[in-house]
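1. Need the 3D shape of this:
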Amino acid sequence: MVGTGIFTTSGFIMEELGNPQTMLLCWLVGGIFALCGALCYGELGAMFPRAGGEYVFLRESFGKCMGFLSGWISLVVGFSAPIAAASIAFATYFFRALPTSLIPEFTFSIPFFGVAILTVSPMTMLATAIIITFSLIHYHSLFLGTRVQNGLTLFKVGLIVAFVVAGLFVGHGTTSNFSRGLEMNSVFRDKFAISLIFVSFAYSGWNAAAYLGGEIKRPSRNIPLALFTGTLLVICLYLVLNVVFIYALPAKEMSGVLEVGAKSAVSLFGEHISKYFSGAIAISLLSVLSAMIMAGPRVYYAMAKDGMFFEIFGKVNSLRRTPAHAILLQAGIAIMMALTASFGKLLLYIGFTLSLCAMLTVLGMIILRIRQPSLVRDYGTVGYPLTPLLFILGNLWIIYFCIRSRPVTSLFGLGTIGLGMLAYLYFGSRRRQDREI
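-> Numbering: from 1, shown residues only. This next block holds a predicted model:
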């Protein structure tokens, strides 16, 4: 869960809200929504301890069509788009760590009605190269992929702890950056809801344990426990990291900055030391990119095995024992997104679409309680029905303001779902033809 968002979104949130204390409140509210979702997913994960997560939950509660759409959204939005965003963030931090003289300067863009629809630059070329590199690592073998993943995760946790401790105790920040009071009236404005989209992106991954249900021992106990404790720890970690960012930078200097970690390090430790932190943050971002490249193909593989996706993506490489075609498909989509979309638009697109999907999943949990009360539930959602209702209403609020304030981004999200519906009809038609033969 701890990945691209925490090192890249606070600048965009500050640009929307303009107030440090309101920004911290936004991170807390987003964390509470994520915690409510984790409590609800715990019940679903305990009931259906299988690989696939939302693909399984939505199929059980709404039927095959919704299950397929969930898998489709995972392919395009759940994994490919975050991989593209993580690769762009990696490239941004990587170039911040280099001397300016070593950074090549060229940009080639293809415009369409005044908007660049494809951009080739050092940033996008490095992002593409890193997607290809890690896709090849996970194509090579699961053994190599998991060793690389474990090493990067340990490095990331160590970096965050070092950054927080050094920033608060030896960094050159100031508490005067917190002096502006909390603006409660901004909570009910569209900018707060839009900021929650960025926060939702940063918290995305709180449901990751549910994707591995078939591989977890004592799932009825351990899945809810992993979802709850993991999400709670990350809420605390994100709040502390944002306190360090605010301690380092006044609101104006943070506003709109993607590489907020690097800029905070410059303010806290000076230009020379900050380059080391930028390089370390770039390396830590590889862990989330690697995790998504490893996890995503499992969903497409499961869909293909169920006959709900092209058969070729359900095949495992006979030599490597990895879902090679699914990995390559995901890499191709991620590269296309890295070359054609800006980082900010990718975040809103991901946050909007995943909020919609998660809201439907929790709604499905309520429907299952009504339609199938006899299902075995070793774990029941704490605070039911208030917990799922809070999660659903919170996400409805975010979705409503996103459609109103960012209609184009919302249309891309709804368009992705529409394409998924067409794909479902296509695969349904193919299955009927196969049965008739």
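
2. Could you use CA atoms for every contact and neighbour count after this?
-> Will do.

3. tell me the SS of Gly307?
-> Under DSSP: H, G, I helix; E, B strand; the rest coil, Gly307 falls in the coil class.

4. Check the burial of it by counting its neighbours.
-> Burial measure for Gly307: 15 neighbouring residues, criterion other C-alpha atoms under 10 Å.

5. just the one 5 residues further on next, same as before
-> Neighbour count for Ile312, taken as other C-alpha under 10 Å: 14.

6. now the one 3 residues further on
-> Summarising burial for Lys315: neighbours were counted as other C-alpha under 10 Å, giving 17.

7. go on, Lys345?
-> Burial of Lys345 is recorded as 14 neighbouring residues (other C-alpha under 10 Å).

8. which one is it nearest to, not counting chain neighbours?
-> If the residues on either side of it in the chain are set aside, Lys345 comes closest to Thr409, at 7.0 Å by C-alpha to C-alpha, 6 or more residues apart in numbering.

9. Give me the pLDDT for that neighbour.
-> In the predicted model, Thr409 carries a pLDDT score of 77.

10. Is it in a helix, a strand, or coil?
-> In three-state terms, and counting by three-state DSSP, Thr409 is helix.

11. residue contacts, Val240?
-> Contacts of Val240 were listed using C-alpha atoms under 8 Å, 6 or more residues apart in numbering, and they are Val164.

12. Could you say which helix or strand holds it?
-> Using DSSP states H and E, Val240 sits in helix 219-248.

13. Dump the very next helix or strand once past that helix to PDB, keeping only the CA atoms.
-> The first helix or strand that comes after helix 219-248 along the chain, using DSSP H and E, is helix 251-254. Listed in PDB are the C-alpha atoms of helix 251-254, where the atom choice follows Å, rounded to 0.1, in the frame of the first residue of the first chain:
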ATOM      1  CA  ALA A 251       1.900  25.800   1.700                       C
ATOM      2  CA  LYS A 252       2.900  28.000  -1.300                       C
ATOM      3  CA  GLU A 253       6.200  26.100  -1.900                       C
ATOM      4  CA  MET A 254       4.400  22.700  -1.700                       C
END
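
14. what's helix 251-254 in contact with?
-> Looking at what lies outside helix 251-254 - C-alpha under 8 Å, 6+ apart - the contacts are Ser10, Gly11, Met14, Glu15, Gly18, Asn19, Pro20, Asn177, Val260, Lys263.

15. State the mean pLDDT of that helix.
-> The average of the pLDDT scores along helix 251-254 is 93.

16. Please identify the buried residues of that helix?
-> Ala251, Glu253, Met254 (16 or more other C-alpha atoms under 10 Å).

17. now, which of those sits nearest Ser121?
-> Nearest to Ser121 out of the buried residues of helix 251-254 is Met254 (C-alpha to C-alpha; 24.8 Å).

18. what about Ser267, distance to Lys275?
-> In this view, Ser267 and Lys275 are 12 Å apart by C-alpha to C-alpha, to the nearest Å.

19. Show me which of those two is the more surrounded one.
-> Neighbours per residue, other C-alpha under 10 Å: of Ser267 and Lys275, the larger number sits with Lys275, 23 against 18.
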